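*Asks:* Pasting the sequence and the predicted model now:
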Amino acid sequence: MKRPTWPSWMPIDPYVLLLLGTVGIAALVPARGTGADVASGTATAAVAFLFFLYGARLSTREALDGLRNWKLHLTVIACTFAVFPLLGLAAGALVPYVLTPALFSGFLFLTLVPSTVQSSIAFTSIARGNVPAAICAGSFSSLAGIVLTPLLAAALIGGHAGFSADSLLKIVLQLLVPFLAGQFLRRWIGPFVARHKKVLGLVDRGSILLVVYTAFSQGMVAGIWHQVTPLRLLALLGVEAVLLAVMLALTWFGTKSLGFGRADRVAIQFAGTTKSLAAGLPMASVLFGAQASLAVLPLMLFHQMQLMVCAVIAKRRSRDPEASADAAPPAPPAPSEPDAGAGPGPVSRLERAAAAGTAAGTATRSG
């Protein structure tokens, strides 16, 4: 039976349509009460399962190699907690002509939030970049953000900020513990995960969609869309689009001048450009109190924008001639090492389908 094909003239990536559809569902049917708790818990479990799979799939040697790449990690930290805030401060010149003081506070806050973990890893994997480095860079950024984000917010925005033991515990339980569990069990489940990574790769996309639905549901229930005019909202989107474009350019072309190879540049671009909504929401509730719903609006919009733009960029990066060379399959492992070729991570078929012109099963399979 001939499979239905994705129209070659359609410029929109299928995964972008899934993201837009998720936002639409959250707007029409937001999760409330018990449903919101279930959605949040499911998203947390999906992210934890994602890191369990990465731990089971990634060899210990690859993880240590990524950990030793200190130059890359320092570059990501500098992008996340230095370059981003400087650009945020520069946007203060737009107040009150383009941004209101409240929206500027939220905009500045989004520049202080740590990098995403699951999204940067997923996009790095799709673009055939350095996945072990992306795992370490995203995790280091999240851990550093527990300290740096409140301190920077207190210094640049004002208000009382401090350390959060609950946030640290949440990151450890959701990211580090599952990853270490996967590493511990890799000897037994590594071959199984390697054989079924086309199916298990759905966790990448599914975890992001769940986080998007949960976050937008919270915003709809809080009524943040009624606290800003459409004109101000368009202006905010324009400013954020410029911010994202500048960071994408700096992390790609700037890192080339620093001597990074293509695989490392991919990891830096996605880990150093994306911002974590999951980490930003609880921090905003502490820093802004009753005004948190409006303060996280810029972060929520930027989060959706970065996912859509990075999905398209990752797909294009995967077609680079250099990507094919970097992604050349390793030599077959010896019979005594059945799990040596577990691979760097899943590459979503949602992205490959758009490139190959095949849309069948884009919501049910990945490769």
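*Replies:* Ah, there it is.

*Asks:* so where do the strands sit in the stretch 201-350 of the chain?
*Replies:* Secondary structure of the stretch 201-350 of the chain (DSSP state E, counting those that start in this stretch): no strands present.

*Asks:* can you map out the helices along it?
*Replies:* 202-222, 230-249, 255-257, 262-273, 277-288, 292-295, 297-318, 321-326, 349-356 (DSSP state H, counting those that start in this stretch).

*Asks:* helices and strands around the second one, which ones?
*Replies:* For helix 230-249, the elements it packs on are helix 84-90, helix 101-110, helix 262-273, helix 297-318, judged by 3 or more Cβ pairs under 8 Å, 6 or more residues apart in numbering; DSSP states H and E. C-beta coordinates here come from the backbone N, C-alpha and C atoms, glycine included.

*Asks:* Export it to PDB, keeping only CA atoms.
*Replies:* The C-alpha trace of helix 230-249 is given here as PDB (Å, rounded to 0.1, in the frame of the first residue of the first chain):
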ATOM      1  CA  PRO A 230      -2.900  42.400  21.100                       C
ATOM      2  CA  LEU A 231      -0.700  45.300  20.000                       C
ATOM      3  CA  ARG A 232       1.700  44.900  23.000                       C
ATOM      4  CA  LEU A 233       1.600  41.100  22.400                       C
ATOM      5  CA  LEU A 234       2.700  41.500  18.800                       C
ATOM      6  CA  ALA A 235       5.400  43.900  19.900                       C
ATOM      7  CA  LEU A 236       6.700  41.400  22.500                       C
ATOM      8  CA  LEU A 237       6.700  38.700  19.800                       C
ATOM      9  CA  GLY A 238       8.800  40.900  17.500                       C
ATOM     10  CA  VAL A 239      11.300  41.700  20.200                       C
ATOM     11  CA  GLU A 240      11.600  38.000  21.200                       C
ATOM     12  CA  ALA A 241      12.000  37.000  17.500                       C
ATOM     13  CA  VAL A 242      15.000  39.400  17.300                       C
ATOM     14  CA  LEU A 243      16.400  38.000  20.500                       C
ATOM     15  CA  LEU A 244      16.200  34.400  19.300                       C
ATOM     16  CA  ALA A 245      17.700  35.300  15.900                       C
ATOM     17  CA  VAL A 246      20.600  37.100  17.500                       C
ATOM     18  CA  MET A 247      21.400  34.200  19.800                       C
ATOM     19  CA  LEU A 248      21.100  31.600  17.100                       C
ATOM     20  CA  ALA A 249      23.500  33.600  14.900                       C
END
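
*Asks:* now the angle between helix 101-110 and that helix, please.
*Replies:* 20 degrees (axes from the mean of the first three to the mean of the last three Cα atoms, to 10 degrees).

*Asks:* pLDDT of helix 230-249, averaged?
*Replies:* Averaging pLDDT along helix 230-249 yields 94.

*Asks:* Could you list the buried residues of it?
*Replies:* Neighbour-count burial for helix 230-249 flags Ala235, Leu236, Val239, Glu240, Leu243, Leu244, Met247, Leu248 (criterion: 16 or more other Cβ atoms under 10 Å).

*Asks:* Need the winner for burial among the helices of the stretch 201-350 of the chain.
*Replies:* helix 262-273 (a mean of 29; mean count of other Cβ atoms under 10 Å).

*Asks:* That one: how far from the chain's middle?
*Replies:* Here the centre of helix 262-273 is set off from its chain's centre by 12 Å, with Cα atoms, centre = their mean, to the nearest Å.

*Asks:* Which strands or helices does it pack on?
*Replies:* For helix 262-273, the packing partners by 3+ Cβ pairs under 8 Å, 6+ apart are helix 70-78, helix 118-126, helix 131-156, helix 230-249, helix 255-257, helix 297-318, helix 321-326.

*Asks:* what's near enough to touch the residue lying closest to Leu299 once chain neighbours are set aside?
*Replies:* Spatial nearest neighbour of Leu299, excluding adjacent residues (Cβ to Cβ, 6 or more residues apart in numbering): Leu110 at 4.1 Å. Counting by Cβ atoms under 8 Å, 6 or more residues apart in numbering, Leu110 makes contact with Gly88, Lys275, Gly280, Pro298, Leu299, Phe302.

*Asks:* mind redoing it with 7 Å?
*Replies:* Residues in contact with Leu110 (Cβ atoms under 7 Å, 6 or more residues apart in numbering) are Lys275, Gly280, Pro298, Leu299, Phe302.

*Asks:* Next one, pLDDT for it please.
*Replies:* 94.

*Asks:* swap in Ala290?
*Replies:* Per the predicted model, pLDDT is 52 at Ala290.

*Asks:* How many residues are close by Leu17?
*Replies:* Neighbour count of Leu17, defined by other Cβ atoms under 10 Å: 14.

*Asks:* Let me see the confidence value for it.
*Replies:* Per-residue confidence (pLDDT) for Leu17: 79.

*Asks:* what's the answer for the one 3 residues further on, then?
*Replies:* pLDDT, Leu20: 77.

*Asks:* buried residues in stretch 99-117?
*Replies:* Result for stretch 99-117 [16+ other Cβ under 10 Å]: buried residues 99-100, 102-117.

*Asks:* returning to that earlier point: redo the buried residues of helix 230-249 as JSON lines? Include distance to Cys79.
*Replies:* Converted to JSON lines, the buried residues of helix 230-249 look like this (distance: Cβ to Cβ, whole Å):
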{"residue": "Ala235", "distance to Cys79": "25"}
{"residue": "Leu236", "distance to Cys79": "22"}
{"residue": "Val239", "distance to Cys79": "19"}
{"residue": "Glu240", "distance to Cys79": "16"}
{"residue": "Leu243", "distance to Cys79": "12"}
{"residue": "Leu244", "distance to Cys79": "12"}
{"residue": "Met247", "distance to Cys79": "7"}
{"residue": "Leu248", "distance to Cys79": "11"}
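
*Asks:* between those, which is closest to His226?
*Replies:* For these, the residue nearest His226 by Cβ to Cβ is Leu236; the value is 15.1 Å.
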